[in-house]
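S.K.: have a look; sequence and predicted model below, questions after that.
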Amino acid sequence: MIRLKKIATLVVLILISFACVQAQDVNALIAKVKFNIDKVNDYEATARMITNVSFLKVPDADVKVYFKKPNQLKIKNEKGISFVPKGAVSINLNNILSGGKYTAIDAGTDKIGNTTVRIVKLLPEDDNADVVLSTVYIDEAALVIRRAKTTTRTNGSYQLEMNYGKYSAFGLPDKIVFTFDTKDYKLPKGVTFDFDDGTQNNRSAADKAKSKNGKAEITFSSYVVNKGVAEDVFK
Amino acid sequence: MWTLLQIELFKISKRPRTYIAFAAVAAIVFIFQFAFKADGQSYMDLMLQSVKDTFTFDRVQAINGYFMCYIILNTLLIQVPILIALIAADSISGEANMGTLRLLISKPISRTQLILVKFAAATIFTIFLLLWMAITALFMSLLIFGTGDMLVFRSKGDESQILLITKDDIMWRYLAAFAYATVALTVIAALSLLLSIFAENSIGPIIATVCIVIVCTIISNINVPIIDKNVKPFLFTSYLVGWKGFFYIGTDADGKTIRGSLENWPAIRKSLLILIAHIFILVMAAVVVFKKKDILS
């Protein structure tokens, strides 16, 4: 009986130590990813933004993306108007990994395309933080985040999918697909007399459900890294 | 005919009420411009209140000359028929009231010619009024607010949409919209002219025109399926706002706007043809009635 207890204790200890080692592995992995991201103090990027939201009928926009540490980010359409999803500030991965004030949990591995990624769940230590849970999918070979899913208290959920190219050493993606929750747009009653051209929206229930999600694709054509960005840009 | 038209235009230009229309348009436009210059962002916040938590965008850039003109036309083109009626409804009844109608038809011109000239004069007045609107609402707004991409807020069925038209794709839409509005308001001029034949003073036809426009506009905007199907298609007021169709930009399957496109050109063309048919019928009716009229004043 005593022998059995000893074996059980040993197994538990092994499992705990294994978990600790894994947590350490995950923390080390995040530290490596963060090391790359931290190389960037600021950047100015040129990009093309494609917005896909059911109630928004807009053209593709040529935008400039400005970033400055620790978490200032601005997406600007220099030539016109662009609707920028509020959660898009999270394309700055510093926002997700900022300060290390989270508990990292290893959630195994998965595949994104042909790339094996490690899934890490980040639980904020601050009970009052807006972010409830972030899940990041880390490419261990390239040390970059390929996908990030974030659930917030007030702004719904959003997801980032990232493809990397020549700026991967800085943790900067070539393309980001940002998916976010949207509400239906409703015009205040009685403010317009609209032309009834006889066409109706024949959207199915599935289409209407889809319209609760919006998507913004940002394809970066160039980055200017660590050359300084004026503070005025973020006002 | 040309001399006759010049005389009619001269008479219109000498009437003080002609300038009431121009002054009213200028006053309304100025008030709008002042209000939006002072606090246009509140209007923008109202329009975007349901998505303000999801999106950010440059509100200052959004309130530009093109957007202002659209907002002003949205309001003005509902009121302008009243201003058109002020002049057009006076065409025949004004002459009858002053006792010059009998004298006029005793001249060597046919009654048909007279009606057509009166109609042409009212149409020219309409064109001038719209030109004035273009100068004040569009060009003055562009001077005051500058240019930029234009936002169009729209209800389509039970849904609402926000359309964005890039600034290099807007001016032709305004040209087309003003041309459409000219046709739409000419219907009012033709209606007023017809009604003015039946009266001895201009108050009656002006009030009658205004009442018809108000009643029909209200019915056109009642969203009840039975009225939508059976009544609206027969009301000319349902087509008065067709100018907006030029700002409903076409989109691809992904909802991306296509530069230079219209969402539903056939619907605009159909509306335009219906309005032209209205003009033709109303003017022809005016000719027929006037030819048969026993003129005693």
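M.R.: Good, I have the coordinates.

S.K.: all strands of the chain, in order?
M.R.: By default, I'm working from chain A. A:42-52, A:56-57, A:61-68, A:72-76, A:84-85, A:102-112, A:115-124, A:131-139, A:144-152, A:157-164, A:173-181, A:213-225 (DSSP state E).

S.K.: I was after chain B.
M.R.: Under DSSP E, chain B gives strands at B:55-56, B:150-156, B:159-165.

S.K.: dump these into JSON lines; add mean pLDDT and distance to chain A as well.
M.R.: Bear in mind the C-beta positions are built from the backbone N, C-alpha and C, glycine included. Output for these, formatted as JSON lines (pLDDT from 0 to 100; distance: least, CB to the nearest CB, whole Å):
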{"stretch": "strand B:55-56", "mean pLDDT": "82", "distance to chain A": "5"}
{"stretch": "strand B:150-156", "mean pLDDT": "87", "distance to chain A": "5"}
{"stretch": "strand B:159-165", "mean pLDDT": "88", "distance to chain A": "4"}
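
S.K.: switch these over to JSON lines; also include mean neighbour count.
M.R.: As requested, the strands of chain B are exported to JSON lines (neighbours: other CB atoms under 10 Å in any protein chain shown):
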{"stretch": "strand B:55-56", "mean neighbour count": "20"}
{"stretch": "strand B:150-156", "mean neighbour count": "21"}
{"stretch": "strand B:159-165", "mean neighbour count": "21"}
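
S.K.: between these, which gets nearest to B:Gln6?
M.R.: Checking the strands of chain B against B:Gln6 by CB to CB gives strand B:150-156 as the closest, at 39.5 Å.

S.K.: for that closest one, C-alpha coordinates in PDB please.
M.R.: Extracted C-alpha coordinates of strand B:150-156, given in PDB (Å, rounded to 0.1, in the frame of the first residue of the first chain):
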ATOM      1  CA  MET B 150     -18.200  61.200 -50.100                       C
ATOM      2  CA  LEU B 151     -20.200  59.200 -47.700                       C
ATOM      3  CA  VAL B 152     -23.800  58.200 -48.600                       C
ATOM      4  CA  PHE B 153     -26.100  56.900 -45.900                       C
ATOM      5  CA  ARG B 154     -28.900  54.800 -47.300                       C
ATOM      6  CA  SER B 155     -31.800  52.600 -46.200                       C
ATOM      7  CA  LYS B 156     -32.300  49.600 -48.500                       C
END
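
S.K.: the inter-axis angle of that strand versus strand B:159-165?
M.R.: 160 degrees (axes from the mean of the first three to the mean of the last three CA atoms, to 10 degrees).

S.K.: by mean pLDDT, flag the weakest helix or strand of the chain.
M.R.: Assuming you mean chain A. Lowest on mean pLDDT, DSSP states H and E among the helices and strands of chain A sits helix A:205-210, with a mean of 58.

S.K.: hmm, no, I was thinking of chain B.
M.R.: helix B:59-62 (a mean of 77).

S.K.: just checking, what packs against it?
M.R.: helix B:16-47 (3 or more CB pairs under 8 Å, 6 or more residues apart in numbering or on different chains; DSSP states H and E).

S.K.: just how off-centre is the helix it packs on within its chain?
M.R.: 16 Å (CA atoms, centre = their mean, to the nearest Å).

S.K.: tell me the mean pLDDT for that helix?
M.R.: Helix B:16-47 comes out with an average pLDDT of 89.

S.K.: go on, stretch B:82-98?
M.R.: pLDDT averaged over stretch B:82-98 gives 87.

S.K.: give the buried residues for that stretch.
M.R.: For stretch B:82-98, the neighbour count (16 or more other CB atoms under 10 Å in any protein chain shown) marks B:82-97 as buried.

S.K.: and B:Ile12, how far from chain A?
M.R.: 29 Å (CB to the nearest CB, to the nearest Å).

S.K.: thank you, goodbye.
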